[in-house]
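Colleague: below are the sequence and a predicted model for it; my questions follow.
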Amino acid sequence: MAIDGKVLLRRKANLRSGKTRAIGTFFVTSAKLSFQPLAGKRSIDIPISKITDMSIVGKIYKKMSITAEGKHYLFYMKEAADVMSLINTLKNRILNR
């Protein structure tokens, strides 16, 4: 597991992406999002600059939906809205450089 840069946030999360279902840890650094599954699957890295769409979905259990580089990811985690707010702040910093 190689997380580049300082880890700003770390959360337990579940991932759904296409046929992939995994339990693991979600990381936010200043440049990317990373999901490290607990067992057997490859880690997923999403550069913040490549995110094209983000939203919170679900009425009772809030989930963070992310689209980047033509792929769609759905993350189940606590305080998903706060995590999305952090990612939006980082994305705005990258875009305004």
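Modeller: In hand now; what should we look at? Numbers count the residues shown, from 1 in each chain.

Colleague: what are the buried residues along stretch 65-78?
Modeller: Ser65, Ile66, Ala68, Tyr73, Phe75, Tyr76, Met77 (16 or more other Cβ atoms under 10 Å). In this view, the C-beta of every residue, glycine as well, is placed from N, C-alpha and C.

Colleague: roughly how far apart are the third one and Arg42?
Modeller: With distances defined as Cβ to Cβ, to the nearest Å, the gap from Ala68 to Arg42 amounts to 16 Å.

Colleague: circling back: so of the buried residues of stretch 65-78, which ones are in strands?
Modeller: Ser65, Ile66, Ala68, Tyr73, Phe75, Tyr76 (DSSP state E).

Colleague: could I get the residues you listed in TSV, plus columns for pLDDT and distance to Ser55?
Modeller: Below are those laid out as TSV (pLDDT from 0 to 100; distance: Cβ to Cβ, whole Å):
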residue	pLDDT	distance to Ser55
Ser65	97	5
Ile66	97	8
Ala68	96	13
Tyr73	96	12
Phe75	97	12
Tyr76	96	14
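
Colleague: including distance to Lys59, could the buried residues of stretch 65-78 go into JSON lines?
Modeller: Formatted as JSON lines, the buried residues of stretch 65-78 follow (distance: Cβ to Cβ, whole Å):
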{"residue": "Ser65", "distance to Lys59": "14"}
{"residue": "Ile66", "distance to Lys59": "19"}
{"residue": "Ala68", "distance to Lys59": "25"}
{"residue": "Tyr73", "distance to Lys59": "20"}
{"residue": "Phe75", "distance to Lys59": "17"}
{"residue": "Tyr76", "distance to Lys59": "14"}
{"residue": "Met77", "distance to Lys59": "16"}
